[in-house]
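Enquirer: Give me coordinates for this.
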Amino acid sequence: MIDPRRLQVLTAVARQGSFNRAAAELRLTPSAVSQQISALERTLGTAVVRRSTRGIELTDAGRVLTGAADAIAAELLTAQREIDRLATTRVERLTVATFTSGGQRLLPDALTRFTADHPDVELTVLESEPEEALPQVRAGAADLALAYHLTETPPDHPGVRWTPLMVETMWIVMPAGHPEAHRDTVTIADLAAERWVHGCLVMNDLLDHYAALAGFAISTACRCTDYLFAQSLVRAGLGIAMIPEVALATDRTGLAAARLTGPAPARYVGVATARRQRPHPMAEALLATLHSTVAALPRPPLTTPATPATHAAHATPAAHAAVTA
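Expert: Numbering: from 1, shown residues only. A predicted model of the protein is given here:
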């Protein structure tokens with residue numbers, strides 16, 4: 001039987017990268033940490049750490065154990081929260097992680113409806129990009145994460161369930177006086193001569209890839225990390241920008257937007273929740289609310305009045321099937 005206390009020591013060693021720093025975190029001596037790791041290795045019959053000039057590295061067996069330790073800690077945290085919920089004097093809490101543009105456009109309406117139905121739940125919102133948010137869900141630091149991925153395959157995080165919500169079309173935002181401002185749709189190849197304002201560094205890499213496929217290299221006017229800031233620079237005439245549907249500015253005075261067609265990136269938005277023996281009931285309730293909110297979300301209008309058929313062609317239905325990662 002693996003001693004959970006030794007798993008805690010191994011997790012600290014993995015986090016700190018050395019016995020000495022792990023000992024300081026755990027308020028033990030380095031010798032005691034070393035003895036705990038040695039005892040764990042004797043129990044397993046295999047090494048869990050590898051000592052090198054760069055410090056301590058986990059073996060494959062060590063990585064399996066730290067993953068199990070994270071899951072155990074998250075289950076205990078969930079159990080504590082469930083016990084707190086059963087105690088009538090305690091406030092039920094829900095922690096939600098979200099990427100910025102999802103928090104601006106998708107989350108507020110869902111939270112308004114959720115808080116109306118569950119007024120006694122204490123909500124905490126964390127602004128976190130997906131690479132931070134999914135580990136937070138796995139570790140129990142967040143109960144639900146509104147996140148996205150950039151490939152058709154959902155993210156593979158052990159212990160995390162991924163539920164798709166929508167596929168976002170990419171739009172090209174340009175100054176209202178731009179020669180292409182009258183168009184409803186454009187392709188990457190149409191924009192080879194443009195200068196670009198990037199609102200997301202990850203999307204910048206993806207745009208570089210599609211531009212290379214079209215036979216040109218991106219000319220960059222600005223790299224920033226905020227889509228609204230990027231669109232304000234476009235309004236000032238600095239260049240054009242590729243913006244996900246959810247991140248389009250609601251006030252597009254001085255701007256024109258055309259849907260990007262042809263070989264083009266997309267952003268796949270969904271919700272990450274923890275795979276637990278006892279799912280968090282309030283996380284499941286908010287997930288259901290997000291589904292209905294996104295399904296009712298109005299799609300952005302094209303630059304010029306569109307026919308009903310055009311709207312049908314670019315509207316992407318929200319997906320409802322849960323995918324387990």
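Enquirer: Go through stretch 194-207 and flag the buried ones.
Expert: 194, 196-200, 203-204, 206-207 (16 or more other CB atoms under 10 Å). In this view, the C-beta of every residue, glycine as well, is placed from N, C-alpha and C.
Enquirer: Ok, stretch 156-173 next?
Expert: Result for stretch 156-173 [16+ other CB under 10 Å]: buried residues 157, 159-173.
Enquirer: one step back: if you look at the buried residues of stretch 194-207, which of them are in strands?
Expert: When the buried residues of stretch 194-207 are checked against strands (DSSP state E), the matches are 196-198.
Enquirer: Closest one to Leu10 out of the residues you listed, please.
Expert: His198 (40.7 Å; CB to CB).
Enquirer: Tell me which residues touch the nearest residue to the closest one once chain neighbours are set aside, please.
Expert: Computed as CB to CB, 6 or more residues apart in numbering, the closest residue to His198 that is not its neighbour in sequence is Asn204, at 4.3 Å. For Asn204, the contact set (CB atoms under 8 Å, 6 or more residues apart in numbering) comprises 198, 218, 220, 223.
Enquirer: Narrow these to just the buried residues.
Expert: Applying 16+ other CB under 10 Å to those flags 198, 218 as buried.
Enquirer: Report the two of the contacts of Asn204 separated the most.
Expert: Most distant of the contacts of Asn204, by CB to CB, are Ile218 and Arg223, 10.5 Å apart.
Enquirer: At which residues are the strands of the stretch 151-300 of the chain located?
Expert: 160-168, 170-175, 185-187, 195-198, 219-223, 241-244, 255-261, 267-274 (DSSP state E, counting those that start in this stretch).
Enquirer: Figure out which of these is closest to His280.
Expert: strand 267-274 (7.4 Å).
Enquirer: was I right about Arg195 contacting Leu238?
Expert: Yes: contact status for Arg195 versus Leu238: in contact at 7.2 Å, counting by CB atoms under 8 Å.
Enquirer: who touches both of the two?
Expert: Ala221.
Enquirer: For burial, what's the neighbour tally of the closest residue to Ala69 other than its chain neighbours?
Expert: Take Ala69 and drop its neighbours on the chain: the residue closest to it by CB to CB, 6+ apart is Leu7, 4.2 Å away. Leu7 sits with 20 neighbouring residues when counted by other CB atoms under 10 Å.
Enquirer: Determine the set of other helices and strands touching the one helix or strand Leu7 maps to.
Expert: Assessed by DSSP states H and E, Leu7 sits inside helix 4-16. Counting by 3 or more CB pairs under 8 Å, 6 or more residues apart in numbering; DSSP states H and E, the packing neighbours recorded for helix 4-16 are helix 19-26, helix 30-44, strand 55-58, helix 60-86.
Enquirer: can you rerun that using 6 Å?
Expert: Under the contact criterion of 3 or more CB pairs under 6 Å, 6 or more residues apart in numbering; DSSP states H and E, helix 4-16 touches helix 19-26, helix 30-44, helix 60-86.
Enquirer: Return the set of buried residues in the helix or strand that the second one is followed by.
Expert: Spelled out, it's helix 30-44. Next helix or strand after helix 30-44 toward the C-terminus (DSSP H and E): strand 49-52. By 16+ other CB under 10 Å, the buried positions in strand 49-52 come out as Val49.
Enquirer: How about stretch 287-294?
Expert: By neighbour count on 16+ other CB under 10 Å, the buried set for stretch 287-294 is 287, 289-291, 293-294.
Enquirer: Show the average pLDDT along it.
Expert: Averaging the model's pLDDT scores along stretch 287-294 yields 95.
Enquirer: Save the strands of the stretch 151-300 of the chain as TSV, and put in distance to Ala39 too.
Expert: Shown next, in TSV, are these (distance: least, CB to CB, whole Å):
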stretch	distance to Ala39
strand 160-168	31
strand 170-175	54
strand 185-187	62
strand 195-198	51
strand 219-223	50
strand 241-244	51
strand 255-261	58
strand 267-274	30
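Enquirer: Output those strands as CSV; include the columns mean pLDDT and distance to Met282.
Expert: Output for the strands of the stretch 151-300 of the chain, formatted as CSV (pLDDT from 0 to 100; distance: least, CB to CB, whole Å):
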stretch, mean pLDDT, distance to Met282
strand 160-168, 94, 16
strand 170-175, 97, 33
strand 185-187, 96, 41
strand 195-198, 96, 37
strand 219-223, 96, 38
strand 241-244, 96, 28
strand 255-261, 96, 36
strand 267-274, 95, 11
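Enquirer: Can you say which of the ones you listed is nearest to Glu57?
Expert: Glu57 sits nearest to strand 160-168 of all the strands of the stretch 151-300 of the chain, at 24.7 Å, using CB to CB.
Enquirer: Could you check the angle that closest one makes with strand 267-274?
Expert: Strand 160-168 and strand 267-274 are oriented at 160 degrees to each other (axes from the mean of the first three to the mean of the last three CA atoms, to 10 degrees).
Enquirer: For strand 160-168, which strands pair with it and how are they oriented?
Expert: strand 267-274 (antiparallel), strand 323-324 (antiparallel) (DSSP bridges).
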